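coords please:
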Amino acid sequence: MRFSSLGAVATAMLMATVPPEAAAQADTLRFGARLSGMFEPGGGDSDGFGSFLMEIDSANGRACYTLVTRRIGLASSAAIHSRADSTAGAPLLPLDITGPVNDTCTRLSPEQVRAVIADPRSYQVSVRNGQFPHGALRGQLEKR
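Next up is the predicted model:
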C-alpha cells in the first residue's frame, strides 16, 4: 500500500514540473519533403529543387509550414496531394510558396490530420509553374 501512495505522489510531482510548452509539443508532429524536378514522373524542371517543412498541432489542426523553391520559374500553384490522386482532383491542402524566412499557417480538418499522421508517405508536395504546368517539382511527404 505504501508503494502505491509513493508512486501516486511521484507521478503528481512529475506532472507538476512538466512545463505547459512541453505538454503542447507532444501534440506537434513534424513532416517534410525534399523537392526535385527529377521526382516528377512527367519530367519536371531538371535543375529545380526545394524543401517543404510542416508542423501539425494534432490537438487543434493548426498546420504551419515553409515551402522554398529554387531554380524554377515563378510558381503558379503548389499543394499536398494524395499519391494516388497526384494529377487530378482536389488537393489535400493548397500551399503558398513562403520563401526561406517566412512561414504560413492554416487549419486542417480532423480527418486530414488523421490521414497525414496515419500514412504521411501516401502524400506528396507538388509545385507547378507556367513552363511545367503538370509539375515542376515534387517530393514525398515524410515524418521528421
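
so what's the nearest residue to G135 once chain neighbours are set aside up against?
Of all residues not flanking G135 in the chain, E40 sits nearest, at 4.3 Å (Cβ to Cβ, 6 or more residues apart in numbering). C-beta here means a position set from N, CA and C on the backbone, and glycine is covered the same way. Listed by Cβ atoms under 8 Å, 6 or more residues apart in numbering, the contact partners of E40 are S126, F132, H134, G135, A136, L137, R138.

Does the third one touch G42 like I think?
So that's H134. Yes: in this structure H134 lies within contact range of G42 using Cβ atoms under 8 Å: 4.9 Å.

give me the element the most centrally placed residue in the chain is part of.
With distances taken as Cα atoms, centre = their mean, M54 lies nearest the centre of the chain, 3.5 Å away. For M54, the host element (DSSP states H and E) is strand 49-57.

just checking, what packs against the next helix or strand after that strand?
For strand 49-57, the following helix or strand on the C-terminal side (DSSP H and E) is strand 62-70. If contacts are counted by 3 or more Cβ pairs under 8 Å, 6 or more residues apart in numbering; DSSP states H and E, strand 62-70 sits against strand 49-57, strand 93-95, strand 104-107, strand 123-129.
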